[in-house]
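**Student:** prediction below, plus the sequence it came from.
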Amino acid sequence: MELAFIPSPSRGVLYLGPTPLRGYAFCIIIGVFVAVWLGNKRWIARGGRAGTVADIAVWAVPFGLVGGRLYHVITDYELYFSEGRDWVDAFKIWEGGLGIWGAIALGALGAWIGCRRRGIPLPAYADAVAPGIAFAQAIGRWGNWFNQELYGKPTDMPWALEITSSSDGRVPGTYHPTFLYESLWCVGVAFLVIWADRRFRLGHGRAFALYVAAYCTGRAWIEYMRVDDAHHILGLRLNVWTAIFVFLLAVTYLVVSAKKRPGREEIVEPGADASGGAADGAEPDDAADKADRPEAAGKDDEAADKAGSDATAEADAAGDEARSGKKT
C-alpha cells in the first residue's frame with residue numbers, strides 16, 4: 001500500500017458556464033505568456049525595444065504550435081490514421097500531443113520571419129527568449145498531468161503518480177511522474193542559461209544552443225523511462241535518438257560559433273536606445289564606462305588645467321600690450 005503519491009485530477013477540463021477550460025491548453029497559454037514576459041525583459045536589457053519580443057512571438061507561437069502538432073501526428077500516426085481511428089482527432093490539439101522538436105523547428109521559422117521583417121538578427125532574439133522557452137516547457141508539462149498521459153514505469157516511490165483512467169490502454173496504478181521530472185529539469189535549464197549568459201556574456205545564438213543542449217540531456221534519460229507506445233530504432237525510442245542528434249548539433253554550434261564570432265552583439269535592434277541593461281549581465285554604456293575610469297578622469301583634469309593655463313597666458317600678454325601702448 002502506497003503511503004504517498006501524486007494524485008491525478010479526476011478530469012482535465014473545467015467549465016466556466018458553457019465554456020470549457022482545458023487544463024492542457026491552459027498550461028500552454030500560461031507558458032507562452034511567461035516566455036514572452038521574460039524574453040521582453042532580457043531583450044530590453046540587451047538594448048532592444050519593449051514589445052519587440054511579443055511582436056515576433058505573433059509569428060513564432062502559431063508556427064510552433066503547428067510544428068509541434070505535425071511532429072506528434074507524424075511520429076504517432078497510428079493514433080489517428082489506423083483502423084478504427086478518426087483522422088479528425090489529429091486536429092484536436094487540446095486533447096494533448098505536441099512534439100517539442102517540431103515546435104522549436106517551425107517556431108524558429110516563424111521567429112525568423114518576424115525578425116526579418118524587423119531587421120533583427122535571429123540569433124540575438126533566440127538568446128533573449130531561450131530561458132523563457134524553458135520555463136514555458138516546465139509549465140506546459142503540467143498539461144500532461146491534467147490528461148493523465150506520458151508517465152513512466154511503475155513505481156512505489158512516495159512521489160509516484162497515481163493514474164486512475166483506464167481509457168486508451170491505460171492501466172490504473174502508480175508510475176514515475178516523468179512530466180514532473182521534465183518540468184523540474186526545464187526549470188534548472190532556464191536558470192543555467194540565465195547564469196551562463198551573465199557569467200560568459202553569450203551571444204550570436206550560443207545561449208539558445210546551451211538551452212537546447214541542456215534540455216536534450218535531460219530529455220534523453222526522461223524519455224527512456226516512459227512506457228507509452230513509441231517507435232524504436234536499435235532498441236531506443238525515436239525521441240531518444242532525436243535528443244542525441246539535436247544535442248550534438250547544439251554542441252557543435254556552440255564550439256564553432258565561439259571560434260568564429262566571439263563576444264556578444266553590440267546592436268540587437270537598429271534604432272533602439274541601448275538603455276537599461278543592468279539586468280541579465282548587460283554592460284553600461286561606453287560613455288559611462290569611460291567616465292568611471294580613473295585614467296579617463298585624470299586626462300580630463302589635465303586638459304582642463306592646460307586650457308586654464310593657456311587662458312591665463314593670453315590674458316597676461318594682452319595686459320602687457322596695453323601697458324606698452326600707454327607708455328608710447
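**Tutor:** Everything's here; your move. Residues are numbered from 1 along each chain as shown.
**Student:** how about the helices in the stretch 1-150 of the chain?
**Tutor:** 23-45, 52-75, 78-81, 100-118, 122-140, 142-147 (DSSP state H, counting those that start in this stretch).
**Student:** Ser165 is nearest to which of the ones you listed?
**Tutor:** helix 142-147 (8.9 Å; C-beta to C-beta). (Each C-beta comes from the backbone N, C-alpha and C, glycine too.)
**Student:** host element of the residue nearest to Asp197 when sequence neighbours are not counted?
**Tutor:** Once flanking residues are discounted, Asp197 sits nearest to Ala207: 4.8 Å by C-beta to C-beta, 6 or more residues apart in numbering. Taking DSSP states H and E as the definition, one finds Ala207 inside helix 206-225.
**Student:** in that helix, what's buried?
**Tutor:** 206-220, 222-223 (16 or more other C-beta atoms under 10 Å).
**Student:** angle of that helix against helix 100-118?
**Tutor:** 160 degrees (axes from the mean of the first three to the mean of the last three C-alpha atoms, to 10 degrees).
**Student:** by contact count, what packs against helix 206-225?
**Tutor:** Helix 206-225 makes packing contacts with helix 100-118, helix 122-140, helix 178-200, strand 236-237, helix 238-260 when contacts are defined by 3 or more C-beta pairs under 8 Å, 6 or more residues apart in numbering; DSSP states H and E.
**Student:** thinking again about what came up before, out of the helices of the stretch 1-150 of the chain, which is the most enclosed?
**Tutor:** Among the helices of the stretch 1-150 of the chain, helix 122-140 has the highest mean neighbour count (mean count of other C-beta atoms under 10 Å), at a mean of 26.
**Student:** first-to-last residue distance for stretch 233-240?
**Tutor:** Terminal residues of stretch 233-240 are spaced 9 Å apart (C-alpha to C-alpha, to the nearest Å).
**Student:** Arg226 bridge partners, please.
**Tutor:** Legend: beta-bridge partners of Arg226 under DSSP bridges are Gly152.
**Student:** any idea how far Trp101 is from it?
**Tutor:** Per C-beta to C-beta, to the nearest Å, Arg226 is found 15 Å from Trp101.
**Student:** Phe179: neighbour count?
**Tutor:** 25 (other C-beta atoms under 10 Å).
**Student:** ok, now Asp86?
**Tutor:** 9.
**Student:** without its sequence neighbours, what residue ends up closest to it?
**Tutor:** Tyr80 (7.5 Å).
**Student:** wait, the one you found sits on Trp87?
**Tutor:** Yes. Taking contacts as C-beta atoms under 8 Å, Tyr80 lies within contact range of Trp87: 5.3 Å.
**Student:** got any residues that touch both of these two?
**Tutor:** Counting by C-beta atoms under 8 Å, 6 or more residues apart in numbering, Tyr80 and Trp87 have no common neighbour.
**Student:** and the gap between the residue positioned nearest the centre of the chain and Tyr253?
**Tutor:** Against the mean C-alpha coordinate of the chain, by C-alpha atoms, centre = their mean, the closest residue is Ala130 at 2.0 Å. When C-beta to C-beta is the yardstick, Ala130 and Tyr253 sit 13 Å from each other.
**Student:** before we move on, the earlier item: closest to Leu248 out of the helices of the stretch 1-150 of the chain?
**Tutor:** Short answer: helix 100-118, nearest of the helices of the stretch 1-150 of the chain by C-beta to C-beta, at 14.0 Å.
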